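Participant: could you look at this predicted model? Sequence included:
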There are 2 protein chains.
Amino acid sequence: MTISMYEASFPVFFHTLGNLKSLLEKGIANAEARKFDPTVLANCRLAADMFPLTRQVQIACDVAKGAAARLSGTEPPKFEDNEKTLPELIARVDKTLDYLKTFKPAQIDGSEDRKIVVKIPNRELNFTGLVFLRQWAMPNFFFHVTTTYALLRHNGVDVGKGDYLGDVTG
Amino acid sequence: MTISMYEASFPVFFHTLGNLKSLLEKGIANAEARKFDPTVLANCRLAADMFPLTRQVQIACDVAKGAAARLSGTEPPKFEDNEKTLPELIARVDKTLDYLKTFKPAQIDGSEDRKIVVKIPNRELNFTGLVFLRQWAMPNFFFHVTTTYALLRHNGVDVGKGDYLGDVTG
């Protein structure tokens, strides 16, 4: 037996984006409890020359959105990167989830051999669908969700691994 | 068409553990260039009550090792958690890669419906192979590799996203 491309990807996005929302909600609650503006968390960085939390969440969303579009051979909607607060970032995640829900498994299944081109500065990356999912979409997606977690954790928000993993057997 | 459980998992482990080695090697080179003991990096943390880099690498290795064993229905070897330096952590990654290389795809394929039990403090988690891979092994694996990256980056090591992603189309 084998698994489908939809089964290997979309449930990961749904589950993990849901956890990302919970992490951001904990950030808001923690900032309120400690009496500082939650937007401080939206702007925090792990290094001065690294993206702030806002951008980490935007990219996590865009990786999931881009993967859905590329694997299905459709054009993704453009999301403006204008979020400045944690509630706005939660809305960005919701918007991404809503977009992902418009896909049917049949649009994704069979995409393992689809040719996928990703344009990055000065280069074009050529993938098959399977290698794109395995070596681009998934590593990038988890990178930006984990970095969001690390930023909150580093700034004293009371999140734990369980918040990142969510309801693992559900 | 569909993909196999081996194809959905082992190439991710091989590729990403190779990248993890490169990150650790960059950590050693950077510490030497900046004239401090690389072991400082092995002990660094993002929060006082979070695991240090050493433990992040050990767990990333153990997640890959445990996934291979559980999906194949075999017992994983026990690795002592006695690494104290970055070169020792690189050796731990190599030992994990050597173990993963002993598996043939046929030992992993068809494991999507296998019942898998993970024991965590005070609880047993019951998975099918597919849900275990998707909601336990992959999120945990990327979490600990990304956190290792974040620790190095936070401490001024000159690593970039490209080091984390490696040769994405290769």
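Facilitator: Noted; the coordinates are in hand.
Participant: can I assume residue A:22 is in contact with residue A:166?
Facilitator: Yes - taking CB atoms under 8 Å as the definition, residue A:22 is a contact partner of residue A:166 at 7.1 Å. All C-beta atoms are positioned from the backbone trio N, CA, C, and that covers glycine.
Participant: which one's more surrounded, these two?
Facilitator: Set side by side, residue A:22 and residue A:166 show more neighbours around residue A:166, with 18 against 15, by other CB atoms under 10 Å in any protein chain shown.
Participant: quick one: that one and residue A:14 touch, right?
Facilitator: No - contact between residue A:166 and residue A:14 fails when scored by CB under 8 Å: they sit 10.3 Å apart.
Participant: and the most centrally placed residue in chain A, which helix or strand is it part of?
Facilitator: In chain A, the residue lying closest to the centroid (CA atoms, centre = their mean) is residue A:60, at 2.5 Å. Taking DSSP states H and E as the criterion, residue A:60 maps to helix A:53-72.
Participant: what average pLDDT does the longest helix seen in chain A get?
Facilitator: Scanning chain A for the longest helix, with DSSP state H as the assignment, gives helix A:10-33. Confidence over helix A:10-33, taken as the mean pLDDT, stands at 98.
Participant: which residues touch the helix or strand that comes right after it?
Facilitator: Moving toward the C-terminus from helix A:10-33, the next helix or strand (DSSP H and E) is helix A:39-42. Helix A:39-42 is contacted by residues A:27, A:31, A:52-54, A:83-86, A:89, A:151-152, A:155, A:157 when judged by CB atoms under 8 Å, 6 or more residues apart in numbering or on different chains.
Participant: for residue A:49, see how far away residue A:117 is.
Facilitator: Relative to residue A:49, residue A:117 is positioned 29 Å away (CB to CB, to the nearest Å).
Participant: and for residue A:167?
Facilitator: According to CB to CB, residue A:167 stands 36 Å off from residue A:49.
Participant: also residue A:90?
Facilitator: Counting by CB to CB, the separation of residue A:90 from residue A:49 is 27 Å.
Participant: have a look at those two and say which one is more surrounded.
Facilitator: Using other CB under 10 Å as the criterion, residue A:90 and residue A:49 rank with residue A:90 on top: 20 against 8.
Participant: got the contact list for the more buried one?
Facilitator: Applying CB under 8 Å, 6+ apart, we find residue A:90 in contact with A:21, A:24-25.
Participant: same check, this time on residue A:144
Facilitator: For residue A:144, the contact set (CB under 8 Å, 6+ apart) comprises A:56-57, A:59-60, A:63.
Participant: at 10 Å what do you get?
Facilitator: When contacts are counted by CB atoms under 10 Å, 6 or more residues apart in numbering or on different chains, residue A:144 touches A:20, A:51, A:53, A:55-64, B:146, B:161.
Participant: for the buried ones among those, write the corresponding PyMOL selection.
Facilitator: Only the buried members of the contacts of residue A:144 end up in this PyMOL selection, burial being decided by 16 or more other CB atoms under 10 Å in any protein chain shown:
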select buried, (chain A and resi 20+51+53+55+56+57+58+59+60+61+62+63+64) or (chain B and resi 146)
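Participant: which stretches of chain A have low pLDDT?
Facilitator: Applying pLDDT under 70 to chain A flags residues A:1.
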